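> What follows is a predicted protein model with its sequence.
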Protein chains: 2
Amino acid sequence: MSEFDLINRYFKALPQQRDDVVLGIGDDCAILQVTEGKQLVVSTDTLVAGVHFPENTLAYDIGYKSLAVNLSDLAAMGAEPAWVTLCLTLPEENNDWLAQFVKGFSELLIKYNMQLVGGDTTRGPLSISVHVSGFVDQGKAFRRDAANPGDLIYVTGSIGDAGLGLKKRLHYITADSLTLCVNKLNRPQPRNDVALALVDSCVCAIDISDGLLADLGHICKQSECGADIFMDKIPLSNELTSFYGDRVDVNQVLTSGDDYELCFTVNEQYKSRIDEISRKLDIPISCIGKITSGDRVNCFDTNNNIIEINKTGFQHF
Amino acid sequence: MSEFDLINRYFKALPQQRDDVVLGIGDDCAILQVTEGKQLVVSTDTLVAGVHFPENTLAYDIGYKSLAVNLSDLAAMGAEPAWVTLCLTLPEENNDWLAQFVKGFSELLIKYNMQLVGGDTTRGPLSISVHVSGFVDQGKAFRRDAANPGDLIYVTGSIGDAGLGLKKRLHYITADSLTLCVNKLNRPQPRNDVALALVDSCVCAIDISDGLLADLGHICKQSECGADIFMDKIPLSNELTSFYGDRVDVNQVLTSGDDYELCFTVNEQYKSRIDEISRKLDIPISCIGKITSGDRVNCFDTNNNIIEINKTGFQHF
């Protein structure tokens, strides 16, 4: 039995099978049904050992994260998750590793009612490519080019934790406990629930994978606008502020990636609706500033001075 | 500029942009429109250096083949090609390599009117994962489980060339010239034109990637039937027969993979139509036997004896 047969056997045993999967794994292709009036939304991401996660990361976490980062892209479009394909390259046969990987992967698969509809396993250096598909109602996708001056800028959760977690993980810093930050690095919570609650209020979003400044910069560039954000409004976790004490590393918070929080903009009229969504889902959603008619992203300190930043976002190359 | 921006810039310069791509590369996801009444057909395949192609294969050929093998899966479903995503992992920055890769990839992209709608470039050992999407009319996809006893079995092109080309390429054999066989290995012709011409005659197909016996075996297993095929009806290229002379290596022909020819079954009533399609497209399509009510694939020699085969098909693991 090939490793993909093993993977498939595991996924087939999961309780959920989607009605829109006409033919799943086992033929040359899957056959899928897109509901009338819906648009298809697709994304793909690769995770490479030693580049996107440290070599000794748990198989469960690798499986979890490889789907999480792709789900996060669907969240950034306001899309309802549906189908996944998985290309897995493994250095050696290792059923224990595979079982753990599949468990981590399927945690999110089950949570978001997705179905694995295809894939490939090959021998080689550890690498995972995932392709996800989802749906939006006609013309309802969130787009990076849709922000308008005056829009409020929001972020979910807290910012900078995953970057701090990575520093701890790589032993760049010593700290007794940064459990939540390391966990955020290994098992980010994609914000699909928030995204789906936002479909009637929001038209512009991005997920924070490269760092808040860089990702908000993508919105501004594509929407041809600027942004003013305020350092004291950026949501920070207790663990992060405890670690830094009085001197939060602003660079770290604004430019470290891998948080997979959602950054979105809405017209001011929706302010109370956003607060209500935050309460209802019990997920922090913080207003951090406003879209401007300028052409750059400025972050202000408490004295209303612009904070100068050395680097903007993570670039793999 | 990231390497994916470079790739994107190249592809954006191509003349064709599909009408059903609402939003292409540049956001978190692409937004795509599936025509009413159509079903979506998807597949994904990974090519790893040293596993799926020798390390020193030309970048053009790697680009070409990584799309060809995926197109071949769409052909096996009778699907019209539409969209592609590309995950490319590269060991180092090398613009010349990348330019050649993109040229090879886009040769087929242009030929089949496909559009690149997303992707990812990462640093690491050379590996390419491609995801393709296409369309079939409702219920019209070819399926492995749809063969019936009495159906005629056809294959396109010639069989066994790519396997012989690989032997030459790896210096397992010495031969003055096996140009066509090596070319078949490096630049297989996916049979999408044949597939689309077959949509009203054929309900069952597979592409020959693992070897004729193994792939026909998949059809038989999933259709719960057997097959009788005849060695002297299996189409062989002049180059292959010249190389082997009087003693064609039957194992080689029946079990070597990578040909990416189409193997399909049709009801006997369509015999003349298949001949017509073959003439019209100027592509050999040969009847090699019949589906039976048995449960195994038998290949007969000219004395009507069953040929015993040592191995059935290529397994990466």
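Now that the structure is in, tell me what you want to look at. Computed from a predicted model, the values in this text were never measured in an experiment. Numbers count the residues shown, from 1 in each chain, chains lettered A, B, ... in the order given.
> which residues of the stretch 151-300 of chain A fall in helices?
A:161-169, A:179-186, A:192-197, A:212-223, A:238-244, A:250-255, A:271-281 (DSSP state H, counting those that start in this stretch).
> tell me what the longest one is packed against?
Counting contacts by 3 or more Cβ pairs under 8 Å, 6 or more residues apart in numbering or on different chains; DSSP states H and E, the secondary-structure elements packed against helix A:212-223 are strand A:202-207, strand A:226-230, helix A:250-255, strand A:262-266, strand A:297-300. All C-beta spots, glycine's among them, are computed from the backbone N, C-alpha and C.
> rerun that using 6 Å as the cut-off
strand A:202-207, strand A:226-230, helix A:250-255, strand A:297-300 (3 or more Cβ pairs under 6 Å, 6 or more residues apart in numbering or on different chains; DSSP states H and E).
> mind putting those in JSON lines, distance to residue B:235 included?
Shown next, in JSON lines, are those (distance: least, Cβ to Cβ, whole Å):
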{"stretch": "strand A:202-207", "distance to residue B:235": "51"}
{"stretch": "strand A:226-230", "distance to residue B:235": "64"}
{"stretch": "helix A:250-255", "distance to residue B:235": "60"}
{"stretch": "strand A:297-300", "distance to residue B:235": "63"}
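> Just say which of those is most tucked in.
Most buried of these, by mean neighbour count (mean count of other Cβ atoms under 10 Å in any protein chain shown): strand A:202-207, with a mean of 26.
> and the angle for that strand with helix A:271-281?
50 degrees (axes from the mean of the first three to the mean of the last three Cα atoms, to 10 degrees).
> List the contacts of strand A:202-207.
Contacting residues not belonging to strand A:202-207 are listed as A:72, A:76, A:142, A:144, A:146-147, A:215, A:218-219, A:260, A:262-266 [Cβ atoms under 6 Å, 6 or more residues apart in numbering or on different chains].
> State the distance from the residue lying closest to residue A:7 once chain neighbours are set aside to chain B.
Once flanking residues are discounted, residue A:7 sits nearest to residue A:102: 6.0 Å by Cβ to Cβ, 6 or more residues apart in numbering or on different chains. According to Cβ to the nearest Cβ, to the nearest Å, residue A:102 stands 16 Å off from chain B.
> Let's verify residue A:102: helix, strand, or coil?
helix (DSSP: H, G, I helix; E, B strand; the rest coil).
> what's the neighbour count on it?
Counted by other Cβ atoms under 10 Å in any protein chain shown, the residues lying close to residue A:102 total 23.
> one step back: compare the contacts of strand A:202-207 and tell me which has the most neighbours.
That'd be residue A:76 among the contacts of strand A:202-207, by other Cβ under 10 Å, with 32 neighbours.
> Next, the angle from the helix or strand hosting it to helix A:212-223.
Take DSSP states H and E as the rule and residue A:76 turns out to sit in helix A:59-77. Helix A:59-77 runs at 30 degrees relative to helix A:212-223, counting by the same axes, to 10 degrees.
> In terms of secondary structure, what does helix A:59-77 contact?
Helix A:59-77 sits against strand A:38-48, helix A:95-111, strand A:127-137, helix A:192-197, strand A:202-207, with contacts defined as 3+ Cβ pairs under 6 Å, 6+ apart.
> Export the lowest-mean-pLDDT helix or strand in chain A to PDB, keeping only CA atoms.
Lowest by mean pLDDT, DSSP states H and E among the helices and strands of chain A is helix A:3-12, with a mean of 76. Extracted C-alpha coordinates of helix A:3-12, given in PDB (Å, rounded to 0.1, in the frame of the first residue of the first chain):
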ATOM      1  CA  GLU A   3       1.600   6.100   1.700                       C
ATOM      2  CA  PHE A   4      -1.100   8.000   0.000                       C
ATOM      3  CA  ASP A   5      -3.400   5.000   0.300                       C
ATOM      4  CA  LEU A   6      -2.600   5.000   4.000                       C
ATOM      5  CA  ILE A   7      -3.400   8.700   4.300                       C
ATOM      6  CA  ASN A   8      -6.600   8.200   2.300                       C
ATOM      7  CA  ARG A   9      -7.700   5.300   4.400                       C
ATOM      8  CA  TYR A  10      -7.400   7.500   7.500                       C
ATOM      9  CA  PHE A  11      -9.300  10.400   6.000                       C
ATOM     10  CA  LYS A  12     -12.000   8.200   4.600                       C
END
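> picking that back up, the residue nearest to residue A:7 and residue A:132, how far apart?
Per Cβ to Cβ, to the nearest Å, residue A:102 is found 17 Å from residue A:132.
> near chain B, which residues of chain A?
A:2, A:27-34, A:39-46, A:48, A:51, A:73, A:76-77, A:85, A:87, A:89, A:118, A:120, A:122-125, A:127, A:129, A:131, A:141, A:143-144, A:316 (Cβ under 6 Å from any Cβ of the partner chain).
> Going through those residues, which ones are buried?
A:27-32, A:34, A:39-46, A:48, A:73, A:76-77, A:85, A:87, A:89, A:118, A:120, A:122-125, A:127, A:129, A:131, A:141, A:143-144, A:316 (16 or more other Cβ atoms under 10 Å in any protein chain shown).
> Dump the helices and strands packed on helix A:59-77 to JSON lines, plus mean pLDDT.
Shown next, in JSON lines, are the helices and strands packed on helix A:59-77 (pLDDT from 0 to 100):
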{"stretch": "strand A:38-48", "mean pLDDT": "96"}
{"stretch": "helix A:95-111", "mean pLDDT": "93"}
{"stretch": "strand A:127-137", "mean pLDDT": "97"}
{"stretch": "helix A:192-197", "mean pLDDT": "98"}
{"stretch": "strand A:202-207", "mean pLDDT": "97"}
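> The helix holding residue A:76: which residues count as buried?
Result for helix A:59-77 [16+ other Cβ under 10 Å]: buried residues A:59-77.
> Name the helix or strand for residue A:17, please.
Using DSSP H and E, no helix or strand contains residue A:17.
> and the nearest residue to it once chain neighbours are set aside, bridged to which residues?
Spatially, and ignoring its direct neighbours in sequence, residue A:17 is nearest to residue A:115 (6.4 Å; Cβ to Cβ, 6+ apart). Taking DSSP bridges as the rule, residue A:115 bridges to residue A:83.
> Check residue A:115 and give its pLDDT.
On the pLDDT scale, residue A:115 is placed at 95.
> Could you count how many residues lie near it?
By other Cβ under 10 Å, the residues close to residue A:115 number 22.
> I figured it hits residue A:20, correct?
No. Judged on Cβ atoms under 6 Å, residue A:115 makes no contact with residue A:20 at a distance of 8.6 Å.
> hang on, the earlier thing: please tell me how far the helix holding residue A:76 is from the chain's geometric centre.
Chain-centre distance of helix A:59-77: 6 Å, with Cα atoms, centre = their mean, to the nearest Å.
> could you give the mean pLDDT of it?
On average, the pLDDT along helix A:59-77 is 97.
> ok, and what's touching it?
For helix A:59-77, contacts defined as Cβ under 6 Å, 6+ apart pick out A:41, A:43, A:45, A:47, A:81, A:97, A:100-101, A:103-105, A:107-108, A:128, A:130, A:132, A:134, A:141-142, A:186-188, A:190-192, A:195, A:205-207, A:260, A:262, B:28-29.
> comparing the helices and strands packed on helix A:212-223, which gets the lowest mean pLDDT score?
Among these, helix A:250-255 carries the lowest mean pLDDT, at a mean of 92.
> quick one: that one to chain centroid distance?
18 Å.
> on contacts alone, who are the packing partners of it?
Partner elements for helix A:250-255 (3+ Cβ pairs under 6 Å, 6+ apart): helix A:212-223.
> buried set for the helix it packs on?
In helix A:212-223, counting by 16+ other Cβ under 10 Å, buried: A:212-220, A:222-223.
> Look at residue A:173 and say how many residues are nearby.
When neighbours are counted by other Cβ under 10 Å, residue A:173 comes out with 12.
> Spatially, what comes nearest to it if we skip its sequence neighbours?
Residue A:173 sits nearest to residue A:167 (Cβ to Cβ, 6+ apart), 4.7 Å away.
> and the gap between the one you found and chain B?
For residue A:167, the distance to chain B - Cβ to the nearest Cβ - is 20 Å.
> what does residue A:208 give?
If you measure residue A:208 against chain B using Cβ to the nearest Cβ, the figure is 11 Å.
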